[in-house]
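Asks: Attaching a predicted model along with its sequence, questions to come.
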Amino acid sequence: MRNKRVMQCFIACVVLLAGLLPAFAGDAFYGKATEVRSAEIIVVDYGTGQYVVRIIGVAVPPEGPIANEAKQFVTKMVLGNVVRARFESRNQNGEMLSRLYTGDPGKDVGLELVRNGLARRPQGQDYQYGYKYGELSAAEREAREAKRGLWATTQPQ
């Protein structure tokens, strides 16, 4: 009987502590995209609060026509919609570095930015950004070959 009581207390403590622990890589949450600050930074309301999410694995030009087009692209994809963020890590600003999905079955917003030539993939291996199977590299190669966005022969003014 005593062992059963100890086990119940142990389980209760584990459950209590689990609610207090920070998010770990691979954790995911759903929420409504309420603000698009840039093509890479989205505010997601999860019901009892908000997270500032930075899409991992993309590098959008900070300004210019491609930056504006990328922000419009992301705004059309996510603003007002339910999104799923797959947490990878946090940066020094406290932003959640995450893969962001929208729709059903779930389009990867960062991957679509790269595929449409509106962002580059950062230096490094795809797996560093939570991507398997070279997805980012393949998306960038596709955009280059199709001469989309950043890879167009003539850039819009």
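Replies: Arrived safely.
Asks: show me the contacts for the residue nearest the centre of the chain.
Replies: Most central in the chain under CA atoms, centre = their mean is residue 99, positioned 2.7 Å from the mean C-alpha point. Residues near residue 99 by CB atoms under 8 Å, 6 or more residues apart in numbering: 55-57, 85-86, 88, 108, 110, 129-131. C-beta coordinates here come from the backbone N, C-alpha and C atoms, glycine included.
Asks: Residue 87 and residue 44: what is the separation?
Replies: 11 Å (CB to CB, to the nearest Å).
Asks: Just the ones in strands from the contacts of residue 99, please.
Replies: If you go by DSSP state E, the contacts of residue 99 have 55, 85-86, 88, 108 in strands.
Asks: can you tell me which two in the residues you listed are farthest apart?
Replies: Using CB to CB, the two most remote members of the ones in strands among the contacts of residue 99 are 88 and 108, lying 12.6 Å apart.
Asks: any idea which element residue 29 lies in?
Replies: Following DSSP states H and E, one finds residue 29 within strand 28-36.
Asks: Just checking: what are the partner strands of that strand?
Replies: Sheet pairing for strand 28-36, assigned by DSSP bridges, gives strand 41-45 (antiparallel), strand 82-90 (antiparallel).
Asks: what does the first one rub up against?
Replies: By CB under 8 Å, 6+ apart, the list of residues contacting strand 41-45 from outside reads 29, 31-37, 50-55, 74, 78, 83, 85, 95, 100.
Asks: Just the buried ones from the residues you listed?
Replies: Buried by 16 or more other CB atoms under 10 Å: 29, 31-33, 36, 51, 53-55, 74, 78, 83, 85, 100, out of the contacts of strand 41-45.
Asks: Can you classify the closest residue to residue 151 other than its chain neighbours by secondary structure?
Replies: Leaving out its chain neighbours, the residue that sits closest to residue 151 by CB to CB, 6 or more residues apart in numbering is residue 144, at 4.6 Å. Under DSSP: H, G, I helix; E, B strand; the rest coil, the three-state class of residue 144 is helix.
Asks: Can you tell me how far residue 144 is from residue 115?
Replies: Residue 144 is 11 Å from residue 115, where distance means CB to CB.
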